[in-house]
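just the structure for this:
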Amino acid sequence: MKRSEINTIMREADAFLRAMHFHLPPWAYWSLNDWVAHRAQAQEVMRRRLGWDITDFGQGHFKTLGLFLFTLRNGTLEALRAGRGMCYCEKVLICEPGQMIPLHYHWTKTEDIINRGGADLLVQVYNAGPENTLAESEVRLLSDGIWRTVPAGGIIRLRPGESVTLEPYCWHRFWAEDGRTLVGEVSLVNDDQNDNCFYEPVGRFPAVEEDEPPLYLLVNDYEHFGLLER
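Predicted coordinates for the structure are as follows:
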């Protein structure tokens with residue numbers, strides 16, 4: 001993705017978030033110089049990969065295969081293994097009409113996908129079969145605390161305020177219907193490096209072509225610009 005395209009997506013996403021009365025933390029708007037100045041104090045932000053996350057999954061077609069995310073908080077794998085401390089993650093997502101995310105599941109993470117407002121959100125689900133296949137069995141899951149059963153490949157419609165709980169080994173993908181949707185995600189600790197199983201090979205983060213300076217930094221920029229301490 002070109003940096004200019006990423007910057008445009010950031011501006012449009014920020015405008016939509018503000019219109020939906022959803023506010024980001026102050027460091028979301030830091031410049032590269034601000035990050036350099038606050039580097040020591042902000043190491044946990046960077047280690048936990050909080051912040052702007054815009055991806056075309058390495059396919060170069062953001063408008064049809066892509067996603068905007070902003071990670072607001074994320075625990076650590078050490079806390080998750082110990083069963084104490086920050087064992088959770090929260091993200092805000094924006095799904096655009098006509099835009100899909102790749103079919104995938106997680107080995108560890110359980111997540112709630114919540115329609116926070118806008119258009120309806122459609123969620124397609126399958127159980128995982130042997131060797132990462134799509135099982136033909138019915139999928140039983142919780143939606144706002146109520147058990148629901150849908151056929152393999154069934155689609156759950158989430159209207160604003162509704163949610164679905166996706167457990168490990170539940171294949172899923174989702175998209176907005178007839179408009180932009182503000183989506184919340186509340187989950188166990190997020191580990192994008194090791195806990196995503198995609199049905200078809202894709203990249204989690206985009207390759208960035210630097211055709212202009214970054215408006216704000218992406219989570220994969222912290223290391224790129226040498227800000228993350230080892």
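
biggest helix in the protein, by residue count?
The helix that spans the most residues within the chain, counting by DSSP state H, is helix 3-19.

which residues touch it?
With C-beta atoms under 8 Å, 6 or more residues apart in numbering as the test, helix 3-19 has contacts from 23-24, 52, 54, 62, 68, 70, 92, 94, 180, 182, 206, 208-216, 218. Glycine gets a C-beta too; all of them are placed from N, C-alpha and C.

could I get the contacting residues of residue 178?
For residue 178, the contacting residues are 97, 119-120, taking C-beta under 8 Å, 6+ apart as the criterion.

name the element it belongs to?
Taking DSSP states H and E as the criterion, the element that holds residue 178 is strand 170-188.

please name the nearest non-neighbouring residue to residue 110.
Of all residues not flanking residue 110 in the chain, residue 167 sits nearest, at 5.0 Å (C-beta to C-beta, 6 or more residues apart in numbering).

I'd like the contacts of residue 178 as CSV, with secondary structure appended.
Supplementary listing: those in CSV, determined by DSSP: H, G, I helix; E, B strand; the rest coil:
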residue, secondary structure
97, strand
119, strand
120, strand
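
thinking again about what came up before, check which element follows the longest helix of the chain along the chain.
Following helix 3-19 in sequence order, the next helix or strand is helix 32-37 (DSSP H and E).

measure how far the longest helix of the chain is from the centre of its chain, please.
What separates the centre of helix 3-19 from the centre of its chain is 16 Å, taken as C-alpha atoms, centre = their mean, to the nearest Å.

now the angle between strand 170-188 and it, please.
Relative orientation of helix 3-19 and strand 170-188, computed by axes from the mean of the first three to the mean of the last three C-alpha atoms, to 10 degrees: 70 degrees.

and residue 172, how many neighbours?
Residue 172 is flanked by 20 other residues according to other C-beta atoms under 10 Å.

and residue 133, how many residues sit next to it?
Burial measure for residue 133: 12 neighbouring residues, criterion other C-beta under 10 Å.

against residue 158, how distant is residue 121?
Using C-beta to C-beta, to the nearest Å, residue 121 is found at 4 Å from residue 158.

the two: who's more crowded?
It is residue 121, of residue 121 and residue 158, that has more neighbours when counted by other C-beta under 10 Å, with 26 against 21.

who's in contact with stretch 220-230?
Outside of stretch 220-230, the residues that reach it under the criterion C-beta under 8 Å, 6+ apart are 32, 35-36, 39, 42-43, 46-47, 49, 53, 205, 208, 214, 217.

what average pLDDT does stretch 172-192 get?
Per-residue pLDDT values over stretch 172-192 give a mean of 97.

buried only: go through the contacts of helix 3-19 for me.
The neighbour count (16 or more other C-beta atoms under 10 Å) marks 24, 52, 54, 62, 68, 70, 92, 94, 180, 182, 206, 208, 214-216, 218 as buried among the contacts of helix 3-19.

of those, which one scores lowest on pLDDT?
Model confidence across the buried ones among the contacts of helix 3-19 bottoms out at residue 206, which has 92.

middle-most residue in the protein, spatially?
Among the residues of the chain, the one closest to the centroid is residue 69, at 4.6 Å (C-alpha atoms, centre = their mean).

any idea what that residue is bridged to?
Each beta-bridge partner of residue 69 is listed here: residue 53, residue 93, as defined by DSSP bridges.

how close does it get to residue 146?
Computed with C-beta to C-beta, the distance linking residue 69 and residue 146 is 27 Å.
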